[in-house]
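[1] Model the structure of this input:
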Amino acid sequence: MADSSEDRVIDFIRRNEDKYYSFIKRVEKDISPEKKYLIKRREVSALFLKSKYHSAVPAIYDLLSQKEFVTEKDSVDLLLKLRICFIKLLNYPKVFEIHNLLVKMSRNNPIIKGNNFGIPLSSVYIDMGLYDDGLLQLKKEYEEDSENFGKYKEANYLNNVGVVLLKKFLPDSAIVYFTKSKQAISVYLKESPNDKYCIFFYGLLQGNIGQALMIKKQYKEAIPLLVEDINSSKRTGYYHNASISSNELVKCYLQLNNINAAASILDSLTNLFQEIDVPDEYLLYLKLKSDLLSRQGKYIEANKSYREYIELEDSIRFSNNKIMQLNQQISFETNMLQQKIFEQEKELATRHEQVLRQKFQHNLLLSILILLTIIILLAAYFIVRIKRREIELSEKNNEIYAKSIALENTLKEKEVLFKEVHHRVKNNMQIIMSLLKLQSGKINNKALEEYFEEARNRIQSMALVHEFLYKKERINLLRMDKYIIQLSEEILKSYNYNYYKIELKTDCHEILLDMDTAVPLGLIVNELVTNSVKHAFEKHEGQISISLKENADSILLSVCDNGMGLPEDFDTRKENSLGMELIQLLSEQINAKVEISSGNGLKVNIIIPKTKA
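    Reported below is the predicted structural model:
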C-alpha cells in the first residue's frame with residue numbers, strides 16, 4: 001500500500017507540476033527538514049519520469065548531500081537514476097564515474113545486484129563508437145551476469161555481437177553470429193511457435209543478415225530477408241524495427257532502380273510514421289523520398305521533401321547542441337554541489353577530530369590525577385605508619401630503660417628509615433612535576449627535542465597530503481612532483497640554515513598517486529632526507545638530489561646525497577635504526593623494492609610496481 005501511495009503522489013506531481021511547486025513554496029517555512037527531504041525525493045522521481053534529466057541531476061546531488069536523512073537504499077536508487085540521466089544527456093565521463101562508484105559499492109552491498117545497473121555499460125561503449133571496448137564489455141557482462149540477457153540469453157548475446165560487427169563494417173563476421181543466433185532462437189520457436197517475441201526475434205535476425213548483405217552490395221539477396229523482418233515486426237507490434245527495415249528495403253530497391261517497388265514501400269512508411277515517433281528513421285525516410293521523387297521527375301515535390309529533411313536535421317542538431325549546453329551547465333552545478341558536500345564532510349571530520357582530542361586530553365589528565373592520588377596515599381600511609389611506630393617506641397622507653405643502648409640504636413635505624421621515606425616521597429613528587437612539565441610542552445632535553453622534531457616531520461609529511469587534496473577537483477589523487485618538492489623544502493627549513501648549508505635538487509615527473517601509495521612514499525622521502533641532513537655531511541654542507549620518474553611498468557623514487565655514504569660494515573637488516581626500519585616497513589606496504597648503494601655518497605632507490613588495471 002505504501003508503494004502505491006508513493007506512486008500516486010509522484011504521478012500527481014508529474015501531472016500538476018506548477019500547482020504543486022506553488023503550494024510547496026507557500027508552506028515551505030512550516031515543513032521540517034526530514035519532510036523536505038522526502039518531498040524532494042518525490043520531486044526527483046517526477047522529474048525522472050518526465051525525462052527532465054537536466055533538472056533531475058542537481059536535485060539528486062542535493063539529496064545525496066543530506067547525510068542525516070539519506071539511507072543506503074536511497075543512495076543506491078539516486079545513483080542509479082543519476083547514471084541513467086547522464087546516459088540520456090550523453091555525458092559519458094560522468095556515466096563512467098557513477099558506474100565505477102556503483103561497482104565499488106556492489107562488492108559489499110546486497111542491494112545492488114549485477115554490474116549493469118539498468119543500462120549495460122557495453123551499450124554506452126557502443127553508443128560512443130568504441131566498438132572493441134563494447135565487445136569486450138559485452139562478453140564480460142554475458143559471462144559474469146548472464147541473467148540480464150533474459151531467457152534467450154545466448155541468442156541475445158550472439159545477435160548483439162553481430163550488430164557491433166555490422167557497425168564495424170565486417171559483414172561476413174556479422175552474418176556468422178546472426179546465423180548462430182538464429183539457430184539458438186529456432187529451438188525456442190519450435191517449442192512455442194506462437195510466441196510473439198520469438199517470431200519477432202527470428203525476423204529481426206533475418207533483417208540483420210539482410211543489412212549485412214547490403215554492405216556487401218548483394219541487394220537482391222537482402223530484399224526477401226528485409227521483407228520477412230518487416231512483416232514479423234508489424235505482426236508482433238514492433239513498429240520501430242519495421243520502420244528501420246522498411247528504410248533499408250527502399251535503399252535496396254533504389255540501388256536496383258526498381259522505382260515502383262521503392263514508392264510502394266515509402267507509401268506504407270507514410271502511414272507507419274503517423275503511428276510512431278522515431279525522428280532518426282523519419283529523417284532517413286524524408287531523404288529517401290526526396291531521392292525517389294527526383295528520380296521520378298517530380299522535382300517540386302522532391303525539393304519540398306528535401307526541405308523538410310533539412311529542417312528536421314537542423315532541429316535534431318539544435319537539440320543535440322542544447323544537450324551539450326545543458327551538460328556544461330550540469331557539470332558546473334555538479335561541481336558546485338560536490339564542493340558543498342566536500343566542505344560539509346570536512347567540517348564534520350574537523351568536529352569529530354576535536355571531540356577525540358578533547359576526550360584524549362580528558363583521559364590523560366584523569367590518569368595523571370589518579371596516579372598522583374595513589375602516590376600521595378602511599379606516602380601518607382608510610383608516614384602514619386612510621387609515626388605510630390615512634391609512639392610505640394616512646395611508650396616502651398620507660399619499660400626498657402636498662403636496654404637504652406639497644407633502644408638508641410633502634411631509634412637511629414628508624415630515623416634513617418624515616419629520612420629514606422621522605423627522600424622517596426620527594427623523588428616521586430619530582431617525577432609528577434616532570435610529567436606535568438612534559439605535558440605543558442616545555443622540553444629542555446635536546447635528544448627529546450630531536451625526537452619531537454622527527455615526529456613532527458613525519459606528521460607534517462602526512463598533513464601535507466591532505467593540504468594538497470583539498471585544493472584539487474577530483475578528490476582521490478595527489479600530484480607527487482609538487483608534493484615531494486614542497487615536503488623536501490619544509491624538512492630543510494626545519495633545520496638551522498646558518499648551520500646546515502645544503503643544496504636541494506629535484507627532478508620529478510608529473511605523477512598522480514592515490515593516498516594509499518602517496519602517504520607511505522611521503523614518509524619514506526621524509527626519512528631519507530632527514531637522514532641525509534643529519535648524518536651525511538661532515539661540514540654540514542652538501543647536495544641532496546631527489547628524482548621521481550615513471551617507467552612502463554614501475555615508478556622510481558631516487559634520493560641521493562654527495563656525503564660520506566655508509567660505513568663498509570653497515571648492514572640494513574641488523575642496524576638498530578628506527579628510520580631504516582620505517583623505510584623497509586613502508587616499502588613493503590606499497591609492494592616496493594628498496595635498493596641501497598654507497599659510493600660517492602648514499603643513494604636509495606624505491607621501485608614501486610604499477611598496479612595492473
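
[2] for the stretch 501-613 of the chain, what are the low-confidence residue spans?
    571-576, 612-613 (pLDDT under 70).

[3] mind listing the helices in it by residue range?
    For the stretch 501-613 of the chain, helices defined by DSSP state H, counting those that start in this stretch occupy the ranges 515-535, 578-589.

[4] Out of the ones you listed, the one nearest D74 is which?
    helix 515-535 (27.8 Å; CB to CB). Backbone N, C-alpha and C define where each C-beta goes, glycine included.

[5] can you pull the buried residues of the closest one?
    515, 517-533 (16 or more other CB atoms under 10 Å).

[6] Please convert the helices of the stretch 501-613 of the chain to a markdown table, extending it with distance to L266.
    A markdown table is the format used below for the helices of the stretch 501-613 of the chain (distance: least, CB to CB, whole Å):
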| stretch | distance to L266 |
| --- | --- |
| helix 515-535 | 62 |
| helix 578-589 | 70 |
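
[7] show me where the stretch 51-200 of the chain has helices.
    Using DSSP H, counting those that start in this stretch, the helices of the stretch 51-200 of the chain run over 53-64, 72-88, 92-106, 121-127, 131-144, 153-167, 171-191, 196-215.

[8] deepest of those helices, which one?
    The highest mean neighbour count among the helices of the stretch 51-200 of the chain, using mean count of other CB atoms under 10 Å, belongs to helix 196-215: a mean of 22.

[9] what's it packed up against?
    helix 153-167, helix 171-191, helix 219-236, helix 239-255 (3 or more CB pairs under 8 Å, 6 or more residues apart in numbering; DSSP states H and E).

[10] Just the angle for it relative to helix 239-255, thanks.
    Between helix 196-215 and helix 239-255, the angle comes out at 30 degrees (axes from the mean of the first three to the mean of the last three CA atoms, to 10 degrees).

[11] Now do helix 196-215, average pLDDT.
    Mean pLDDT, helix 196-215: 91.

[12] got the angle between that helix and helix 219-236?
    Using the same axes, to 10 degrees: helix 196-215 against helix 219-236 is 160 degrees.

[13] Distance to A46 added to the helices of the stretch 51-200 of the chain, as TSV?
    TSV is the format used below for those (distance: least, CB to CB, whole Å):
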stretch	distance to A46
helix 53-64	9
helix 72-88	12
helix 92-106	21
helix 121-127	26
helix 131-144	31
helix 153-167	33
helix 171-191	39
helix 196-215	32
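
[14] Identify whichever of the ones you listed lies nearest to I370.
    helix 72-88 (42.6 Å).

[15] for that closest one, the distance to its chain's centre please.
    Taking the mean of its C-alpha atoms, helix 72-88 sits 15 Å from the chain's own mean (CA atoms, centre = their mean, to the nearest Å).

[16] just stretch 482-498 next, same as before
    With CA atoms, centre = their mean, you get 32 Å for stretch 482-498.

[17] how about that stretch: buried residues?
    Quick answer for stretch 482-498 (16+ other CB under 10 Å): Y483, I484, L487, S488, I491, L492.

[18] now could you export just the CA positions of that stretch as PDB?
    C-alpha atoms of stretch 482-498 as PDB (Å, rounded to 0.1, in the frame of the first residue of the first chain):
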ATOM      1  CA  LYS A 482      54.800  19.200  -6.300                       C
ATOM      2  CA  TYR A 483      54.300  17.300  -3.000                       C
ATOM      3  CA  ILE A 484      57.800  15.800  -2.900                       C
ATOM      4  CA  ILE A 485      59.400  19.200  -3.700                       C
ATOM      5  CA  GLN A 486      57.400  21.100  -1.000                       C
ATOM      6  CA  LEU A 487      57.900  18.300   1.500                       C
ATOM      7  CA  SER A 488      61.700  18.300   1.000                       C
ATOM      8  CA  GLU A 489      61.900  22.100   1.300                       C
ATOM      9  CA  GLU A 490      59.900  22.100   4.500                       C
ATOM     10  CA  ILE A 491      62.200  19.500   6.000                       C
ATOM     11  CA  LEU A 492      65.300  21.600   5.200                       C
ATOM     12  CA  LYS A 493      63.500  24.700   6.700                       C
ATOM     13  CA  SER A 494      63.000  22.800  10.000                       C
ATOM     14  CA  TYR A 495      66.800  22.800  10.400                       C
ATOM     15  CA  ASN A 496      69.100  25.800  11.100                       C
ATOM     16  CA  TYR A 497      70.000  27.500   7.700                       C
ATOM     17  CA  ASN A 498      73.100  29.100   9.300                       C
END
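
[19] what mean pLDDT does that stretch have?
    pLDDT averaged over stretch 482-498 gives 77.

[20] ditto for stretch 138-150
    The model assigns stretch 138-150 a mean pLDDT of 68.

[21] Repeat that for stretch 310-317.
    Mean predicted lDDT for stretch 310-317 stands at 77.

[22] cool, and stretch 377-396?
    Regarding stretch 377-396, the rounded mean pLDDT is 85.

[23] quick one: low-confidence ranges for the stretch 351-500 of the chain?
    Across the stretch 351-500 of the chain, the ranges flagged by pLDDT under 70 are 352, 398, 400-402, 404, 406-407, 411-475, 496-500.

[24] ok, now with 80
    351-352, 396-476, 490, 494-500 (pLDDT under 80).

[25] Just put the helices and strands packed on helix 196-215 in a markdown table and tack on mean pLDDT and distance to Y202.
    Formatted as a markdown table, the helices and strands packed on helix 196-215 follow (pLDDT from 0 to 100; distance: least, CB to CB, whole Å):
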| stretch | mean pLDDT | distance to Y202 |
| --- | --- | --- |
| helix 153-167 | 88 | 9 |
| helix 171-191 | 90 | 6 |
| helix 219-236 | 92 | 7 |
| helix 239-255 | 90 | 12 |
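
[26] possible to save the ones you listed as TSV with distance to I84?
    Shown next, in TSV, are these (distance: least, CB to CB, whole Å):
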stretch	distance to I84
helix 153-167	20
helix 171-191	27
helix 219-236	26
helix 239-255	20
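
[27] ok, so what distance separates R388 from T410?
    15 Å (CB to CB, to the nearest Å).

[28] one step back: nearest to V594, out of the helices and strands packed on helix 196-215?
    helix 153-167 (47.4 Å).

[29] and the gap between I502 and E281?
    73 Å.

[30] what sits up against stretch 537-549?
    The contact list for stretch 537-549 (CB atoms under 8 Å, 6 or more residues apart in numbering) reads 480-481, 484-485, 488, 499-509, 511, 525, 529, 532-533, 536, 555-564, 601.

[31] Is it possible to mark the buried ones in those residues?
    480, 484, 488, 502, 508, 511, 525, 529, 532-533, 536, 555-563, 601.

[32] So which of the residues you listed sit within strands?
    Counting by DSSP state E, those place I502, C508, I555, L556, L557, S558, V559, C560, D561, G601 in strands.

[33] Now render those as JSON lines, adding distance to I126.
    Putting those into JSON lines (distance: CB to CB, whole Å) gives the following:
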{"residue": "I502", "distance to I126": "58"}
{"residue": "C508", "distance to I126": "40"}
{"residue": "I555", "distance to I126": "35"}
{"residue": "L556", "distance to I126": "39"}
{"residue": "L557", "distance to I126": "41"}
{"residue": "S558", "distance to I126": "45"}
{"residue": "V559", "distance to I126": "48"}
{"residue": "C560", "distance to I126": "51"}
{"residue": "D561", "distance to I126": "55"}
{"residue": "G601", "distance to I126": "57"}
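
[34] For the residue nearest to the spatial centre of the chain, which residues are in contact?
    Nearest residue to the geometric centre of the chain (CA atoms, centre = their mean): L101, 5.4 Å. Residues near L101 by CB under 8 Å, 6+ apart: L79.

[35] Per-residue pLDDT of it, please?
    Looking at L101, its pLDDT is 72.

[36] Distance check, it against K140.
    18 Å.

[37] burial of the closest residue to L602 other than its chain neighbours, as a residue count?
    Leaving aside its sequence neighbours, L602 sits nearest to G565 (CB to CB, 6 or more residues apart in numbering; 5.1 Å). Using other CB atoms under 10 Å, G565 is surrounded by 17 other residues.

[38] my guess is G565 contacts N600, does it?
    Yes: counting by CB atoms under 8 Å, G565 touches N600, with 7.3 Å between them.
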